[in-house]
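Q: sequence plus the predicted model coming up.
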Amino acid sequence: MCEDVTRLDILQLRSDVGVRSDDVVIYAACTPCQPFSTLNQRRGIDERKQLLLAFGELVLKAPPDYIIVENVPGLHNAYGREIYSRFLEILEETGFHHRDGSQLDASDYGVPQVRKRFIMVASRHAPISLPKPRRGPKATVRSAIGDYPPPHIGIGKAKSRSAPSASLPEQAAEGLPPNHIARKLHDHHRKLIEAVPADGGSRADIHDESLLLECHKRTPKLHRDVFGRMAWDAPAPTLTCRCTDVYCGRFAHPQEHRGLSLREAARLQTFGDDYEFHGTFFHAATQIGNAVPVLLASRLGRSVLAADRQHRNEGVT
């Protein structure tokens, strides 16, 4: 269902879905992260901050058994503390036990990507715990995408967000997994990437300054990861909705002279190869970059299941 949360009739939705009185219900809220990001220049006036409280109103009207909230770390600091505090008051009014949210790094849970996120879980029945980090070596870019062949290159840069790139092919190119397609770089961008050393090199390693963009010559520390390469044997940096664009971060392939393909980005978010994205290249990249990594989501889900088993075993009401 695609609906404005501020106009959503939660009672009607539960009825439409067929929720019964004895069902165990979870609400998971991933409100837009931009209002609480340190990179947001409008963070003081961003109206999207109120969406967490709109979600809180749904909790008041029809409390679930469990709640999961995911956002950037800024949700519970100076950028979102007031909103978050009011949301916690709503939970307490509704009888929830909650753990004060914690910053989790997806790379601690089997995801081949450094992705620090604020996670809060709550239960109406008994205390609930966040998942414990996984022990052992972290997954890396190599372990995630090292087995892929070169992708199909054929989607150019969208002229604007209102006029996105062409729709993705209905079928994968022969011999390639679905969505294994990367943007075609402008000639100058390709020359920049060719000049960046393989396996973790950055724009600072380019010796021929004539290749650099004027803005990078004036302020060399500005967005220093732009046009950088990922390192094979380390987790990827945090993927964004522009994770396939080399001019938006350290999103160049560790070795090949290109940005990530959609399939590679999806793997770094731990989507299986059988999970296919549709629509335009721009919309697919947005879905991938904005997603909660599948393995982290799975661990959070298991935490809820463990709490519910404990609740049933102990007969807590």
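A: Right, received. Where do you want to start? Residues are numbered from 1 along each chain as shown.

Q: next, the buried residues of the longest helix anywhere in the chain.
A: In the chain, taking DSSP state H as the definition, the longest helix is helix 294-314. Using 16 or more other C-beta atoms under 10 Å as the test for burial, helix 294-314 gives 294, 295, 296, 297, 299, 300, 303, 304, 307, 308, 310, 311. Yep, even glycine has a C-beta here, placed from its N, CA and C like the rest.

Q: before we move on, what about stretch 138-145?
A: Applying 16+ other C-beta under 10 Å to stretch 138-145 flags 138, 139, 140, 141, 142, 144, 145 as buried.

Q: pull it out as CSV, backbone CA atoms only.
A: Provided in CSV are the C-alpha atoms of stretch 138-145 (Å, rounded to 0.1, in the frame of the first residue of the first chain):
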residue,chain,number,x,y,z
LYS,A,138,33.8,-9.0,8.8
ALA,A,139,32.4,-9.6,5.3
THR,A,140,34.2,-7.6,2.6
VAL,A,141,33.6,-6.2,-0.8
ARG,A,142,35.5,-9.1,-2.3
SER,A,143,33.4,-11.7,-0.5
ALA,A,144,30.3,-10.0,-1.7
ILE,A,145,30.9,-9.1,-5.3
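
Q: what's that stretch in contact with?
A: With contacts defined as C-beta atoms under 8 Å, 6 or more residues apart in numbering, stretch 138-145 is touched by 107-108, 110-112, 230-236, 254, 264, 267-268.

Q: and stretch 92-102, what's its mean pLDDT?
A: In this model, stretch 92-102 has an average pLDDT of 84.

Q: do stretch 168-175 as well
A: 85.

Q: can you get me the start-to-end distance on that stretch?
A: 17 Å (C-alpha to C-alpha, to the nearest Å).

Q: ditto for stretch 19-26
A: Start-to-end, stretch 19-26 (C-alpha to C-alpha) is 11 Å.

Q: buried stuff in stretch 13-26?
A: So for stretch 13-26, counting by 16+ other C-beta under 10 Å, buried means 14, 26.

Q: just to revisit the earlier point, mind giving me the PyMOL select for the contacts of stretch 138-145, buried ones only?
A: Buried residues within those, by 16+ other C-beta under 10 Å, are selected in PyMOL with:
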select buried, resi 107+108+110+111+112+230+231+232+234+235+236+254+264+267+268
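
Q: which among the contacts of stretch 138-145 gets closest to residue 125?
A: residue 108 (27.1 Å; C-beta to C-beta).

Q: so the closest one, which state does it fall into?
A: helix (DSSP: H, G, I helix; E, B strand; the rest coil).

Q: I'd say it and residue 134 touch.
A: Yes - assessed by C-beta atoms under 8 Å, residue 108 is found in contact with residue 134 at 6.3 Å.

Q: number of residues surrounding residue 1?
A: 6 (other C-beta atoms under 10 Å).

Q: and the closest residue to it other than its chain neighbours, which helix or strand is it part of?
A: In space, and not counting its chain neighbours, residue 1 is closest to residue 13: 7.2 Å by C-beta to C-beta, 6 or more residues apart in numbering. Residue 13 is part of helix 10-17 when elements are defined by DSSP states H and E.

Q: which other helices and strands does that helix contact?
A: Packing partners of helix 10-17 (3 or more C-beta pairs under 8 Å, 6 or more residues apart in numbering; DSSP states H and E): helix 51-61.

Q: which helices and strands sit right next to the helix it packs on?
A: On a contact count with 3+ C-beta pairs under 8 Å, 6+ apart, helix 51-61 meets helix 10-17, strand 26-29, helix 81-93.

Q: so which of these gets nearest residue 125?
A: Taking the helices and strands packed on helix 51-61 one by one with C-beta to C-beta, strand 26-29 is closest: 12.2 Å.

Q: the closest one: partners in the sheet, and parallel or antiparallel?
A: Strand 26-29 sits in its sheet next to strand 66-71 (parallel), going by DSSP bridges.

Q: give me the angle between the strand it pairs with and helix 294-314.
A: 160 degrees (axes from the mean of the first three to the mean of the last three C-alpha atoms, to 10 degrees).
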